[in-house]
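In: Quick one, structure for this:
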Amino acid sequence: MTVVSTWMCRPKPGRLDASIALLHEAAKLIERHGGQDIRVMQAAVAGSATGSISMSCEFADLTAYGTFTDETALDVETTTIVNRSAAVDSPIIAESAGIFTEIPLDRRAATGRGTIVAVYMSKPVPGRFTQALQLASDAFDLLEAGGALRSRLLQATMAGEMADTHVSVVEYESNRAFGAASDALMASPKGQKLMETITGKDCPIVTLGSQLYTEIHL
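Out: This next block holds a predicted model:
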């Protein structure tokens, strides 16, 4: 049961390089205390969130995440980083944090890791959880057939107003690959049927939003 911990922040005007440097320092501490697959991404096309930065790391389960937070709470260097990020002269403005748990789907997912990540947020209609999972699985199959590298469905475990939100995360090797997979989905009969379901009155989910991120290499 993979757990993904995320932190969202926004660079202050003219402080992007300093923001990335601060997150680079934070990534080293996260890795030291057991955080895995640490990634930093900037929202490229995300409505009002455009320009914000997401930092994430993963854990095997919630116990591992809890161990991580207990350890970092006692780490002086971590406390220093947290204080610096909240200081008046900090290069960033912290916006939110969340814990997300991966929902296993009965499908053979594509492998690989891309530098472009599409994020789709939704909530299952009450009583339609199983159908919501099937819809995500069908969408992932079509996108991966069109070139997506890896697709995962996460559920917000602790994330404020996002509690119980489903987050579909789909990775691509490039913006061109994202466009090609999206074109292929829209042009295929199965893709058109999928879109008809998503926009129809009997859809098992309520769509909340979508965002496109570009990875920042630390």
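
In: Quick one: neighbours of the closest residue to residue 162 other than its chain neighbours, just the number.
Out: Take residue 162 and drop its neighbours on the chain: the residue closest to it by Cβ to Cβ, 6 or more residues apart in numbering is residue 156, 4.5 Å away. Where you see a C-beta, it was placed from the backbone N, CA and C, and this is true even at glycine. Here the number of neighbours of residue 156 (other Cβ atoms under 10 Å) works out to 21.

In: Give me the packing partners of whichever helix or strand residue 156 is part of, helices and strands only.
Out: Secondary structure from DSSP states H and E places residue 156 in strand 150-158. Applying 3 or more Cβ pairs under 8 Å, 6 or more residues apart in numbering; DSSP states H and E, one finds that strand 150-158 makes contact with strand 92-102, helix 129-145, strand 166-172.

In: Which residue ranges make up the domains of the protein?
Out: 3-100, 103-216 (automatic domain parsing).

In: Would you mind giving these as TSV with mean pLDDT added?
Out: Converted to TSV, the domains of the chain look like this (pLDDT from 0 to 100):
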stretch	mean pLDDT
domain 3-100	96
domain 103-216	95
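
In: follow-up on the earlier one: what residues of the strand holding residue 156 count as buried?
Out: Within strand 150-158, the residues that count as buried by 16 or more other Cβ atoms under 10 Å are 150-157.

In: where do the helices sit along this structure?
Out: Listed in chain order, the helices of the chain (DSSP state H) span 16-32, 62-73, 76-86, 129-145, 175-187, 189-199.

In: Buried deepest among those, which one?
Out: For the helices of the chain, ranked by mean neighbour count under the definition mean count of other Cβ atoms under 10 Å, the leader is helix 129-145 at a mean of 19.

In: Mind giving me the packing neighbours of it?
Out: Looks like helix 129-145 contacts strand 116-124, strand 150-158, strand 166-172, helix 175-187, helix 189-199 (3+ Cβ pairs under 8 Å, 6+ apart).

In: Make JSON lines out of these and add distance to residue 208.
Out: What follows is the helices and strands packed on helix 129-145, written out as JSON lines (distance: least, Cβ to Cβ, whole Å):
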{"stretch": "strand 116-124", "distance to residue 208": "4"}
{"stretch": "strand 150-158", "distance to residue 208": "11"}
{"stretch": "strand 166-172", "distance to residue 208": "9"}
{"stretch": "helix 175-187", "distance to residue 208": "19"}
{"stretch": "helix 189-199", "distance to residue 208": "12"}
